[in-house]
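>>> what shape does this take:
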Amino acid sequence: MAEVSDQEWSPANQTARGARRGLLLVLSSPSGAGKTTLARRLLAADPSLRLSISVTTRAPRPGEVDGRDYRFIDPAEFARLQAGGELLEWAEVHGNLYATPEAAVLDALKAGVDMLFDIDWQGARQIRERMAEDVVSVFILPPDGQTLERRLRDRAQDSEDVVRRRMAAAAAEIAHWGEYDYVIVNADLETSVCGLAAILTAERLKRVRQLDLPDFVRGVLAGL
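Below you'll find the model as predicted:
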């Protein structure tokens, strides 16, 4: 068998034959379970995947960049976007507002671009209700409660009070795991990244997303 390069086997090339409708890969988890790290790793490994940039009223954390991690806006601007019907979903999380602007997401789907969402269960539910056929949802679980608390403390981005509130909210967030298509227990980062990549590749190959298949099959049959 001839050797095949990594580039030829990359997820982006699995449906490079023709037209394909994009998908919405939604990741959710309690704070500290690792979904943001997993999202960044998947984005770095697959340049054809685009991050959906949420808007939020919370302040930037150390290292976050406006327009790359989030669009940081004030409550008045958030209310204007909401009143204008420009948001695909929105939620209040730990006292801050988060939302996904709609126009860029719809344009991406039509262009066959896959979008990755790092959002909570409330936002995931809203997107699923509006665009169920396009959504692939993955819930990220920590291996145990002690690991979750350690990760929250180790990142040293939140006060002790915020850490306690996030731990208190974790059980309520984890209760929604059953609403998701896939569940990954993030005990090992590399294993979890591989699992996410496998999910993305399989979902891209679904018959209903390969829009050119009828013409392709007719061409195959015509050559028999």
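
>>> and the lowest-mean-pLDDT helix or strand in the chain, what does it pack against?
Across the helices and strands of the chain, mean confidence by mean pLDDT, DSSP states H and E is lowest for helix 145-154: a mean of 77. If you count contacts as 3 or more Cβ pairs under 8 Å, 6 or more residues apart in numbering; DSSP states H and E, helix 145-154 packs onto helix 160-174. For glycine as for every other residue, the C-beta is placed from the backbone atoms N, C-alpha and C.

>>> need the CA coordinates for the helix it packs on. PDB is fine.
Provided in PDB are the C-alpha atoms of helix 160-174 (Å, rounded to 0.1, in the frame of the first residue of the first chain):
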ATOM      1  CA  GLU A 160     -11.500  32.400  46.000                       C
ATOM      2  CA  ASP A 161     -15.100  33.500  46.000                       C
ATOM      3  CA  VAL A 162     -15.400  32.900  42.200                       C
ATOM      4  CA  VAL A 163     -13.900  29.500  42.500                       C
ATOM      5  CA  ARG A 164     -16.400  28.500  45.200                       C
ATOM      6  CA  ARG A 165     -19.300  29.800  43.100                       C
ATOM      7  CA  ARG A 166     -18.000  27.800  40.100                       C
ATOM      8  CA  MET A 167     -17.700  24.600  42.100                       C
ATOM      9  CA  ALA A 168     -21.200  25.100  43.500                       C
ATOM     10  CA  ALA A 169     -22.600  25.500  40.000                       C
ATOM     11  CA  ALA A 170     -20.800  22.500  38.600                       C
ATOM     12  CA  ALA A 171     -23.300  20.000  39.700                       C
ATOM     13  CA  ALA A 172     -26.200  21.900  38.000                       C
ATOM     14  CA  GLU A 173     -24.200  22.200  34.800                       C
ATOM     15  CA  ILE A 174     -23.200  18.500  34.700                       C
END
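
>>> may I see the buried residues of that helix?
Buried residues in helix 160-174, counted by 16 or more other Cβ atoms under 10 Å: 163, 166-167, 170, 173-174.

>>> give me the lowest-pLDDT entry from those residues.
Least confident of the buried residues of helix 160-174 in the model: Val163, at 72.

>>> center of the protein, which residue is that?
Closest residue to the average C-alpha location of the chain: Phe117 at 2.8 Å, with Cα atoms, centre = their mean.

>>> in a markdown table: the buried residues of helix 160-174, plus distance to Glu133.
Below are these laid out as a markdown table (distance: Cβ to Cβ, whole Å):
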| residue | distance to Glu133 |
| --- | --- |
| Val163 | 38 |
| Arg166 | 33 |
| Met167 | 36 |
| Ala170 | 31 |
| Glu173 | 25 |
| Ile174 | 26 |
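
>>> from these, pick the one nearest Arg130.
Glu173 (21.2 Å; Cβ to Cβ).

>>> and the residue nearest to the centre of the chain, bridged to which residues?
For Phe117, the beta-bridge partners are Val26 (DSSP bridges).

>>> could you check how far it is from Glu190?
22 Å (Cβ to Cβ, to the nearest Å).

>>> got a pLDDT number for the residue nearest to the centre of the chain?
Phe117 is assigned 94 on the pLDDT scale.

>>> quick check, it in contact with Val26.
Yes - between Phe117 and Val26 there is a contact at 4.5 Å, judged by Cβ atoms under 8 Å.
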